[in-house]
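Visitor: Sequence first, then the predicted structure:
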Amino acid sequence: MAEVKIAKRSEDYSRWYTDVIAAAELADYAPVKGCMVIRPNGYAIWEQMQRALDAMFKETGHQNAYFPMFIPESFLQKEAEHVEGFAPEVAVVTHAGGQKLEEPLIIRPTSETIIWHSYRNWIQSYRDLPLLINQWANVVRWEMRTRLFLRTTEFLWQEGHTAHATFEEAEEETVRMLGVYRRFAEEFMALPVIEGRKTEREKFAGAHHTYSIEAMMGDGKALQAGTSHHLAQNFAKAFDVMFQNQQGTREYVYATSWGLSTRMIGALIMAHGDDNGIVIPPRLATIQVVVVPIARKPEEREKVMEAVGRFTAPFKAAGIGYKIDDREQHSPGWKFNEWERRGIPLRIEVGPKDLEKNQVMLVRRDNREKIPVTQDGLTPAVIAMLDTIQKALFDRALEFREKHSYRVDDYAKFNEMLDAEGGGFLWSHWCESDACEERVKNDTKATIRCIPMSRESETGQCVVCGQPSPGRVIFARAY
RNA sequence: CGGGGCGUAGCGCAGCCUGGCUAGCGCGCUUGCCUUGGGAGCAAGAGGUCGGAGGUUCAAAUCCUCUCGCCCCGACCA
């Protein structure tokens, strides 16, 4: 492996981010602009995310299916707002089989259209509802500016597409899945997020309204980490999907869609990473514990390895993902650095000195603390330590977010905060006018991240124009 | 699409301005010895269409023209 230098996070955040990805061997740039190769270390994180989310989708009654990546161009055009939103970033296939195609095919930027084409055949009666489908897929969006994981031309995600009999049921589903995302972020990624509703300007093209979870990254910028859309009857009308209700009358179906992508890997890096690289929360780590044996002489080595075999024996049954790094060509110091770069949450060092004391050394990735632990009862100690790390990561991220959240009521101060702090969440009053939202964006590059669902009721005056405001919203610069 | 930067060994770079021995250096890689508690050491090796095409010249990594690609900053976005 090549020597890897990671820029200081505090000095060059952007450079630091790409360095961390290279250092942990998460992804490479691909020959095609904006595309990436997700390497085994990166894909392992995605697999853990899939596993956790997929289980939650199943628990909430969803089934997986798969729809094609090629969509007739005409499909996209059936929903006016949708086509307007996506047309500029759609890749189109015009030739295939050595011939020009009669109708060009688009490569899905999202699958609403082709899925609703199918739903038309699947749904006739209220008895067919709700229809709860999810798919794991790749999608392509030709973005102008790309960054590994955060915005790539092709990315992996899951997209849920559900159909319901009433607006209210669809709303319940939209909010339920937003909650699933929040739980996933908090419990698995150790990432505190804020649930909220998007403004008209920021909502999904084709949605009635959109919700998102918003997280704060290590530089104070916001990241939209998952979205859930209430599509109302927009796609049902575009694809003529009607059902007969219990009264025998036909009406259009109500829909939702929700998605979460490999962007979350970027969120993970930026939320928890430090100058030594990525820090993977224990609940998303395939390798949660790496064991580094230390020995000089062959006879020492034999004793150390014997102990390692003994104390790791219960790990598998206890559900601990672990790896023993017994390579002889690298020094312990070299290994410490390598596993830290890869973000393995916990390291166990064991050498002759430890054997004398019947102990091992636990070393936390998140704060590098070294804790001696006796070999007897090591398994529960490791499990407890992994929990501690998981919780510490969440607490630290939450504390950071709180520290960089401000209530701001004065527009001059508002501008000043964004310049001085470079980021952070500004909780300010907004009159709900598009004009004020746009002005903020032009003045500061900050956007309204969301109208928090849990905001306290507090009327006030718009931070921009002074008109009456029904409550505070979150302004921030975003990825 | 505008502004900036860069294409030379797997990775990071020097050489280019001022053309000239066999194109170098660090890391990594291979083999051997020796080592191992925070990126060890020694020795011997392997590895190159200098992004591509054309031109100038006795001679091009180096000068000229064209071209392809990537990265960073902005407008758009999960």
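Guide: Thanks, I have the structure now. Numbering: from 1, shown residues only, chains lettered A, B, ... in the order given.

Visitor: Get me the contact residues on the stretch 351-479 of chain A for RNA strand B.
Guide: Proximity of the stretch 351-479 of chain A to RNA strand B (Cβ under 7 Å from any atom of the strand) is limited to residues A:351-355, A:361, A:363, A:368, A:370, A:445, A:478. For glycine as for every other residue, the C-beta is placed from the backbone atoms N, C-alpha and C.

Visitor: For RNA strand B, what's the nearest residue on the stretch 201-350 of chain A?
Guide: Nearest residue of the stretch 201-350 of chain A to RNA strand B: A:Gly333, at 2.3 Å (Cβ to the nearest atom of the strand).

Visitor: Please read off the pLDDT at that residue from the model.
Guide: The confidence metric pLDDT takes the value 93 at A:Gly333.

Visitor: OK, contacts around it?
Guide: Neighbour list for A:Gly333: empty [criterion: Cβ atoms under 8 Å, 6 or more residues apart in numbering].

Visitor: Next, give phi and psi for it.
Guide: phi -60, psi -40 (degrees, to the nearest 10).

Visitor: One more: the one 3 residues further on?
Guide: Recorded main-chain torsions at A:Phe336 are phi -50, psi -50, according to degrees, to the nearest 10.

Visitor: Quick one: neighbours of it, just the number.
Guide: Neighbour count of A:Phe336, defined by other Cβ atoms under 10 Å: 19.

Visitor: ok so, going back, least confident pick among the residues of the stretch 351-479 of chain A next to RNA strand B?
Guide: For those, the least confident entry is A:Lys445, with 86.

Visitor: For the closest residue in space to it that isn't next to it in sequence, report the pLDDT, please.
Guide: Using Cβ to Cβ, 6 or more residues apart in numbering and skipping the chain neighbours, the partner closest in space to A:Lys445 is A:Arg477 (5.5 Å). At A:Arg477, the model reports a pLDDT of 91.

Visitor: swap in A:Thr152?
Guide: 89.

Visitor: Count the neighbours of it for me.
Guide: 24.

Visitor: Pretty sure it sits against A:Arg145.
Guide: No: counting by Cβ atoms under 8 Å, A:Thr152 does not reach A:Arg145; the two are 10.8 Å apart.

Visitor: So how do I select the buried members of the residues of the stretch 351-479 of chain A next to RNA strand B in PyMOL?
Guide: In PyMOL syntax, the buried subset of those is picked out as below (16 or more other Cβ atoms under 10 Å):
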select buried, chain A and resi 351+354+355+361+363+478
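
Visitor: With secondary structure added, can I get the residues of the stretch 351-479 of chain A next to RNA strand B in CSV?
Guide: Formatted as CSV, those follow (DSSP: H, G, I helix; E, B strand; the rest coil):
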residue, secondary structure
A:Gly351, coil
A:Pro352, helix
A:Lys353, helix
A:Asp354, helix
A:Leu355, helix
A:Met361, strand
A:Val363, strand
A:Arg368, coil
A:Lys370, strand
A:Lys445, coil
A:Ala478, strand
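
Visitor: Looking at the residues of the stretch 351-479 of chain A next to RNA strand B, which is nearest A:Val253?
Guide: Nearest to A:Val253 among these: A:Ala478, at 32.8 Å, using Cβ to Cβ.

Visitor: Show me the beta-bridge partners of the residue nearest to that closest one when sequence neighbours are not counted.
Guide: Leaving aside its sequence neighbours, A:Ala478 sits nearest to A:Ala222 (Cβ to Cβ, 6+ apart; 4.3 Å). A:Ala222 has these beta-bridge partners by DSSP bridges: A:Met216, A:Ala478.

Visitor: buried set for stretch A:190-207?
Guide: Buried, per 16+ other Cβ under 10 Å, within stretch A:190-207: A:190-199, A:202-207.

Visitor: Tell me which residues touch A:Gly369, please.
Guide: I think there's a mix-up here, since residue A:369 is Glu and not Gly. Contacts of A:Glu369 (Cβ under 8 Å, 6+ apart): A:Val363.

Visitor: returning to what we had before: tally up the residues packed near the residue nearest to A:Lys445, please.
Guide: Neighbours around A:Arg477, by other Cβ under 10 Å: 19.

Visitor: A:Glu251 too?
Guide: 15.

Visitor: Could you do the one 3 residues further on as well?
Guide: The local packing of A:Tyr254 (other Cβ under 10 Å) involves 28 other residues.

Visitor: Surely it touches A:Ala236?
Guide: Yes: counting by Cβ under 8 Å, A:Ala236 is a contact partner of A:Tyr254 at 7.1 Å.

Visitor: Residues in contact with both of these two, list them for me.
Guide: With Cβ under 8 Å, 6+ apart, A:Tyr254 and A:Ala236 have common neighbours A:Ala163.

Visitor: circling back: return the closest of the residues of the stretch 351-479 of chain A next to RNA strand B with respect to A:Ala22.
Guide: Nearest to A:Ala22 among those, with distances taken as Cβ to Cβ, is A:Arg368, at 21.7 Å.

Visitor: Please tell me how far the closest one sits from A:Asp354.
Guide: Distance check for A:Arg368 against A:Asp354: by Cβ to Cβ, to the nearest Å, it reads 18 Å.

Visitor: related to what we said a few turns ago, of the buried residues of stretch A:190-207, list those near RNA strand B.
Guide: Applying Cβ under 7 Å from any atom of the strand to these, those adjacent to RNA strand B are A:202, A:204-205.

Visitor: Mind putting the residues you listed into TSV with pLDDT and secondary structure?
Guide: Formatted as TSV, those follow (pLDDT from 0 to 100; DSSP: H, G, I helix; E, B strand; the rest coil):
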residue	pLDDT	secondary structure
A:Glu202	92	coil
A:Phe204	93	coil
A:Ala205	90	coil
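
Visitor: Which helix or which strand is home to A:Lys413?
Guide: helix A:411-421 (DSSP states H and E).

Visitor: what angle sits between the helix or strand following that helix and helix A:411-421?
Guide: Later in the chain than helix A:411-421, the nearest helix or strand by DSSP H and E is strand A:425-429. Between strand A:425-429 and helix A:411-421, the angle formed by their directions is 170 degrees, by axes from the mean of the first three to the mean of the last three Cα atoms, to 10 degrees.

Visitor: Just the CA atoms of strand A:425-429, as CSV, please.
Guide: Extracted C-alpha coordinates of strand A:425-429, given in CSV (Å, rounded to 0.1, in the frame of the first residue of the first chain):
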residue,chain,number,x,y,z
PHE,A,425,-27.4,25.8,12.1
LEU,A,426,-29.1,29.1,12.3
TRP,A,427,-32.5,28.9,13.9
SER,A,428,-34.3,32.0,12.6
HIS,A,429,-37.8,33.2,11.9
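
Visitor: who does the helix or strand following it touch, helix- and strand-wise?
Guide: In the C-terminal direction, the helix or strand that comes right after strand A:425-429 (DSSP H and E) is helix A:434-444. Here helix A:434-444 touches helix A:411-421, strand A:447-452, going by 3 or more Cβ pairs under 8 Å, 6 or more residues apart in numbering; DSSP states H and E.
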